[in-house]
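Asker: Attaching a predicted model along with its sequence, questions to come.
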Amino acid sequence: MQYGIRSVSMDDIANHLGMSKKTLYQYFSDKDELVTAVLNTHINEMQTDCSHCRVQAIDAVHEIFVTMDTIMLEIGNRNPMLLYDLEKFHFNAYSKFKEHKDKFLYTVIRKNIEWGIKDELYRSDIDVDVMSRYRIESMLFPFNVTVFPPGKYNQASISEMIIEHFIYGLVTPKGYKLIQKYHEQRKNKISYDESKN
């Protein structure tokens, strides 16, 4: 997550774990198998986090803010080259990530939009399927190294801007008031956390 996949060798991993490369190969036949195992664990953690966000949420708008906080922690430690490495060099692992994105995340986003429409926080004229797919694809946009070269842009900040832009496009006036409320609460929490450091 921190250095990208391609730049970390099996030697690096074995050294970090304090074992020989031979021992590492007793557990994983090659780097591709190791990457797939790590990704499976990470996907399970992400799915647990997403479910947790839903349980914590007071309403659909709040769920977006709770999710945003979780995403900011996650992205802050992620190398922007990670998805590129995954897609280019580890097809099986990338296929699993794509399935997670296209099925699990799609369902999470769709349920959020339906919840918001039901509670009249999101506009009723929204095409739920199209907006769910749009949101999924926009999640990956900050990691497009051609558009946002690493070092020049902060992927976490870009992700936050995209999420905010997305939710402003969904809400009714009632939902807009909640965005303002949760945005203020979040700003106050960040200010408080920074003052403690």
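Answerer: Thanks, I have the structure now.

Asker: From here on, just use CA atoms for contacts and neighbour counts.
Answerer: Noted.

Asker: Give me the most central residue, this protein.
Answerer: Ile71 (5.0 Å; Cα atoms, centre = their mean).

Asker: quick one: Ser157 from Glu33, how far?
Answerer: Relative to Glu33, Ser157 is positioned 32 Å away (Cα to Cα, to the nearest Å).

Asker: mind checking pLDDT for the residue nearest to the centre of the chain?
Answerer: Looking at Ile71, its pLDDT stands at 79.

Asker: same question, the one 10 residues further on
Answerer: For Met81, the pLDDT comes out at 76.

Asker: just use 421 as the starting number from now, easier for me
Answerer: Yep, numbering from 421; the last one is Met501 now.

Asker: I'd like to know how many residues surround it.
Answerer: 20 (other Cα atoms under 10 Å).

Asker: That one: what's it in contact with?
Answerer: Gly424, Ile425, Phe563, Val565 (Cα atoms under 8 Å, 6 or more residues apart in numbering).

Asker: Let's see that with 6 Å instead.
Answerer: Gly424 (Cα atoms under 6 Å, 6 or more residues apart in numbering).

Asker: still on that earlier bit, work out for me the element the residue nearest to the centre of the chain sits within.
Answerer: Element membership for Ile491, per DSSP states H and E: helix 480-496.

Asker: what's next to that helix, contact-wise?
Answerer: Applying Cα under 6 Å, 6+ apart, the contact partners of helix 480-496 are Cys473, Arg474, Ala477, Asn532, Trp535, Gly536, Ala576.

Asker: who does the host helix or strand of Glu584 touch, helix- and strand-wise?
Answerer: Taking DSSP H and E as the criterion, Glu584 maps to helix 575-590. Packing partners of helix 575-590 (3 or more Cα pairs under 6 Å, 6 or more residues apart in numbering; DSSP states H and E): helix 480-496.

Asker: Show me what counts as buried in the helix it packs on.
Answerer: Ala480, Val481, His482, Glu483, Ile484, Phe485, Val486, Thr487, Met488, Thr490, Ile491, Ile495 (16 or more other Cα atoms under 10 Å).

Asker: Can you name the element that comes right after that helix?
Answerer: helix 502-509.

Asker: Would you mind writing the CA trace of that next one as PDB?
Answerer: What follows is helix 502-509, C-alpha atoms only, in PDB (Å, rounded to 0.1, in the frame of the first residue of the first chain):
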ATOM      1  CA  LEU A 502      -1.000   0.700  -6.500                       C
ATOM      2  CA  LEU A 503      -4.000   0.400  -8.900                       C
ATOM      3  CA  TYR A 504      -1.800   0.800 -11.900                       C
ATOM      4  CA  ASP A 505       0.600  -2.000 -10.700                       C
ATOM      5  CA  LEU A 506      -2.300  -4.200  -9.800                       C
ATOM      6  CA  GLU A 507      -4.000  -3.800 -13.200                       C
ATOM      7  CA  LYS A 508      -0.800  -4.100 -15.300                       C
ATOM      8  CA  PHE A 509       1.100  -6.900 -13.400                       C
END
